[in-house]
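I'd like to go over a predicted model; first the sequence, then the structure.
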Amino acid sequence: MITNGYKQSQGDHTLFIKHLTSRGVTALLVYVDDVIVIGNDKEKRDSLRKCLAREFEIKELDRLKYFLGIKVTRLLRQIINLEIVIKMLVWIQETNRD
């Protein structure tokens, strides 16, 4: 992931974040054999999924319902919630820099 421009979080080594020039962010979170791809640029998310599919055998599942035992819900303001998650990921990355 690092060769594709992603930076590994110092606070969580399974989190990779890429800041885009268009003020966007794409993040990849890996836990054992589960992978979550999020971001505010659909084209970049799709590009990341294709990159992963070239390297690994992956199975694209439906919308995320649970992760690490935490229920993930979808609200009507899904875009705003996604931005909050992205800001939290950026904050985690920035607060754990050496």
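Sure, I can see it.

most centrally placed residue in the chain?
The C-alpha lying nearest the average C-alpha coordinate of the chain belongs to Ala27 (C-alpha atoms, centre = their mean; 2.7 Å).

hang on, it in a helix?
No. Inclusion of Ala27 in a helix is not indicated when DSSP: H, G, I helix; E, B strand; the rest coil is applied; the result is strand.

pretty sure it contacts Gly39?
Yes. Using C-beta atoms under 8 Å as the test, Ala27 is close enough to Gly39 to be in contact (6.2 Å). For every residue, glycine as well, the C-beta is placed using N, CA and C.

burial of Phe39, as a residue count?
Let me fix one detail, which is that residue 39 is Gly and not Phe. A count of nearby residues for Gly39, using other C-beta atoms under 10 Å, gives 23.

ditto for Arg49
Counted by other C-beta under 10 Å, the residues lying close to Arg49 total 15.
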